[in-house]
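Peer 1: could you look at this predicted model? Sequence included:
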Amino acid sequence: MNIENNKNEDVHKLALSQVKMALEKIYAGGGKKAIEKQWEKNKLTARERIEYLCDTGKPFIEIGAFAGYEMYAEQGGCPAGGTVAGVGYVSGRQCVVLANDQTVKAGAWFPITGKKNLRMQEIAMENNLPVIYLVDSAGVFLPMQDEIFPDKEHFGRIFRNNARMSAMGIVQIAAVMGACVAGGAYLPIMSDETLMVKNNGSIFLAGPYLVKAAIGEEVDTETLGGATTHTEISGIADYKFDTEQQCLDEVKKIISKLGAKETAGFDRIKSIKPKKDPADIYGMLPADPTKPYDMLEIIERMVDNSDFDQYKKDYGQTILCGYARIDGWAVGIVANQRKVIKNKKGEIQLGGVIYNDSADKAARFIMNCNQKNIPLVFMQDVTGFMVGSRSEHSGIIKDGAKLVNAVANSIVPKITIIIGNSFGAGNYAMCGKAYDPRFIYAWPSARIAVMGGEQAAKTLLQIQVSALKAKGKTIDPAEEKKLLDDIRQRYEKQTTPYYAAARLWVDAIIDPGETRQLISEGIAAANHKKNAEHFSLGVFQV
């Protein structure tokens with residue numbers, strides 16, 4: 001390994017270390033005192049419940065750990081969006097698991113909590129996975145009710161999804177281990193089966209205080225909506241247990257008896273480790289995101305036997321397309337090539353930029369993968385489409401639209417990995433969040449924005465300076481530099497993977513070394529749902 005690679009590795013390992021340090025704080029939820037209070041009530045924390053429920057030795061892929069990160073400062077923060085969620089194995093079956101974190105504002109729902117829960121339901125519906133809800137929530141966070149309660153993508157959409165998922169044949173199990181209040185009370189009742197823990201689990205539309213205020217009745221929590229009430233009197237719940245462990249054991253039994261369903265039939269053979277060492281990736285990826293590198297070398301450290309069968313190898317070289325296997329699964333890979341390319345005409349093409357020919361090639365490759373029922377993996381490090389009169393005259397918008405059309409209409413599962421830059425329409429063409437990837441992950445080196453920080457800062461500066469001049473004001477060079485630095489700093493913060501993950505633009509910030517496993521688990525999840533759609537591109541300009 002050369003000196004440059006050593007420097008790159010140091011930078012990326014430090015960035016990964018910072019991600020892990022941030023996660024340690026997030027995993028603490030509402031803090032030590034709140035956790036101890038949970039234990040005093042003979043209750044496990046959300047993470048302890050998931051650990052007990054899920055199969056030992058099997059991966060649990062956490063989704064949205066950074067949800068709400070550095071948001072809601074005035075409200076005291078909302079680690080992980082007040083919900084721990086992911087895809088894991090229960091009794092050998094892949095399931096979506098959502099657990100309210102009662103240590104975070106009593107498990108109350110913030111706006112990001114609703115968005116995260118909807119994302120998990122989306123994953124369940126797209127992949128036909130059973131859902132297990134571990135309920136312990138005080139309901140909507142009232143000071144922000146206008147941002148979580150009334151709109152289409154708010155709290156009520158979750159119950160709408162409960163009903164739709166039931167109609168789709170997706171099993172939903174609710175284990176009520178704490179409070180389940182007001183509108184939230186509908187979630188367990190709209191699930192297939194409801195389990196409750198005595199003396200801790202409760203379900204009611206209005207708690208004792210509200211009941212007294214509304215109708216003057218004095219009643220305690222257990223009598224109003226405890227496990228005994230709902231298993232012996234109302235009939236709302238199906239099972240009651242003395243401990244959370246007993247409750248979770250029953251969930252395991254229920255899942256163990258689920259019948260098998262038809263799979264999507266994605267091809268898988270015995271897994272072979274890459275010939276080239278995946279650990280090399282940290283040194284090969286430049287610390288400076290503007291510098292070129294060979295994306296092929298990255299791919300060969302992720303795929304089985306380091307074997308990548310390139311499609312149209314010598315055409316449209318700023319996008320690499322080809323077939324490979326990842327942990328045995330057959331995949332089609334679409335990746336931005338970051339090398340500076342000299343094409344057959346002797347022209348220099350910038351790495352990470354999508355040109356007419358590369359857009360054309362990628363669109364055709366995506367069509368082929370749909371024809372063959374092969375899942376797609378997108379590896380993003382893109383600064384956008386080529387601009388300028390020559391590209392415009394060659395129809396770059398038309399060719400770009402062709403690629404976007406193919407990505408949008410693709411019916412095979414798409415998994416997106418944002419390695420570096422994800423700028424402008426390049427984000428769309430390479431299957432960004434708006435284009436329904438089944439799973440989307442970011443490396444710590446990822447940057448997501450409408451354009452690069454330097455270009456954006458200078459553009460915004462020009463706009464602000466022009467506005468000041470229009471008012472008859474002048475700005476000296478020192479003030480202009482300070483203004484530029486302020487804009488750049490603010491803009492750069494908005495492009496980080498933390499900012500993206502906090503808002504669920506990506507499902508997680510991941511260790512590059514875990515990419516291979518995450519892709520494999522994503523395809524395994526997708527394989528649970530047979531696709532009934534027919535691939536069609538509709539109308540586009542040729």
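Peer 2: Received, thanks.
Peer 1: phi, psi for the residue nearest to Val140 when sequence neighbours are not counted please.
Peer 2: Once flanking residues are discounted, Val140 sits nearest to Trp109: 5.0 Å by CB to CB, 6 or more residues apart in numbering. For every residue, glycine as well, the C-beta is placed using N, CA and C. Reported as degrees, to the nearest 10, the phi and psi values for Trp109 are phi -90, psi 120.
Peer 1: who's in contact with Trp109?
Peer 2: 82, 137, 139-141, 148, 155, 184 (CB atoms under 8 Å, 6 or more residues apart in numbering).
Peer 1: and it, how far from Ala34?
Peer 2: According to CB to CB, to the nearest Å, Trp109 stands 17 Å off from Ala34.
Peer 1: and Ile236, by the same measure?
Peer 2: The value you get for Ile236 to Ala34, if CB to CB is used, is 29 Å.
Peer 1: what does Ala429 give?
Peer 2: Per CB to CB, Ala429 is found 44 Å from Ala34.
Peer 1: cool, Lys398 as well?
Peer 2: From Lys398 to Ala34 the distance is 56 Å (CB to CB).
Peer 1: which of those two has more neighbours?
Peer 2: Neighbour comparison, Lys398 and Ala34: the larger count goes to Ala34, with 17 against 14 (by other CB atoms under 10 Å).
Peer 1: what's the helix or strand for the more buried one?
Peer 2: Following DSSP states H and E, the helix or strand that holds Ala34 is helix 32-40.
Peer 1: show me where the stretch 251-400 of the chain has strands.
Peer 2: Applying DSSP state E, counting those that start in this stretch to the stretch 251-400 of the chain gives strands spanning 309-310, 319-326, 329-336, 341-342, 348-349, 353-354, 376-382, 384-385.
Peer 1: possible to save those strands as JSON lines with mean pLDDT?
Peer 2: As requested, the strands of the stretch 251-400 of the chain are exported to JSON lines (pLDDT from 0 to 100):
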{"stretch": "strand 309-310", "mean pLDDT": "98"}
{"stretch": "strand 319-326", "mean pLDDT": "98"}
{"stretch": "strand 329-336", "mean pLDDT": "98"}
{"stretch": "strand 341-342", "mean pLDDT": "80"}
{"stretch": "strand 348-349", "mean pLDDT": "80"}
{"stretch": "strand 353-354", "mean pLDDT": "92"}
{"stretch": "strand 376-382", "mean pLDDT": "97"}
{"stretch": "strand 384-385", "mean pLDDT": "86"}
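Peer 1: of the ones you listed, flag the one that's most buried.
Peer 2: Counting by mean count of other CB atoms under 10 Å, strand 376-382 has the highest mean neighbour count of the strands of the stretch 251-400 of the chain, with a mean of 27.
Peer 1: list the contacts of it.
Peer 2: Here strand 376-382 makes contact (CB under 8 Å, 6+ apart) with 295, 298-299, 326, 331-336, 338, 352-354, 366, 369, 410, 412-423, 426-427, 429-432, 437, 446, 519.
Peer 1: next: stretch 44-55.
Peer 2: Contacts to stretch 44-55, defined as CB under 8 Å, 6+ apart, come from residues 27, 29, 35, 38-39, 60, 83-84, 86, 88-92, 97, 99-103, 132, 134, 136, 177, 244-245, 248, 251-252.
Peer 1: quick check on the residues you listed: which are buried?
Peer 2: 29, 35, 38, 60, 83-84, 86, 88-91, 97, 99-103, 132, 134, 136, 177, 244, 248, 251-252 (16 or more other CB atoms under 10 Å).
Peer 1: next step: these restricted to helices.
Peer 2: 35, 38, 244, 248, 251-252 (DSSP state H).
Peer 1: list the buried ones in the longest helix along the chain?
Peer 2: Longest among the helix segments of the chain by residue count, using DSSP H, is helix 3-27. Using 16+ other CB under 10 Å as the test for burial, helix 3-27 gives 8-9, 11-12, 15-16, 19, 22-23, 26.
Peer 1: do stretch 139-157 as well
Peer 2: In stretch 139-157, counting by 16+ other CB under 10 Å, buried: 139-141, 144, 148-149, 154-157.
Peer 1: what sits up against it?
Peer 2: Under CB under 8 Å, 6+ apart, the answer for stretch 139-157 is 75, 105, 108-111, 113-115, 118, 179, 181-184.
Peer 1: give me the lowest-pLDDT entry from these.
Peer 2: Checked by pLDDT, the contacts of stretch 139-157 have Gly183 as the lowest-scoring entry (67).
Peer 1: do you know how far Leu210 is from Phe155?
Peer 2: 18 Å.
Peer 1: now do the one helix or strand in the chain whose mean pLDDT sits lowest: which elements does it pack against?
Peer 2: Considering only helices and strands, the least confidently modelled element of the chain by mean pLDDT, DSSP states H and E is helix 453-470, at a mean of 72. Using 3 or more CB pairs under 8 Å, 6 or more residues apart in numbering; DSSP states H and E, the elements in contact with helix 453-470 are helix 477-495.
Peer 1: so what angle separates the directions of the helix it packs on and helix 453-470?
Peer 2: With axes from the mean of the first three to the mean of the last three CA atoms, to 10 degrees defining the directions, helix 477-495 sits at 130 degrees from helix 453-470.
Peer 1: can you give me the buried ones in helix 477-495?
Peer 2: By neighbour count on 16+ other CB under 10 Å, the buried set for helix 477-495 is 483-484, 487-488, 491-492, 495.
Peer 1: likewise stretch 510-523?
Peer 2: Buried residues in stretch 510-523, counting neighbours by 16+ other CB under 10 Å, are found at 510-512, 515-516, 518-523.
Peer 1: turn those into CSV, including pLDDT and secondary structure.
Peer 2: CSV is the format used below for these (pLDDT from 0 to 100; DSSP: H, G, I helix; E, B strand; the rest coil):
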residue, pLDDT, secondary structure
Ile510, 98, coil
Asp511, 97, coil
Pro512, 97, helix
Thr515, 98, helix
Arg516, 97, helix
Leu518, 98, helix
Ile519, 98, helix
Ser520, 98, helix
Glu521, 98, helix
Gly522, 98, helix
Ile523, 98, helix
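Peer 1: quick one: which of those is nearest Ser271?
Peer 2: Ser520 (8.0 Å; CB to CB).
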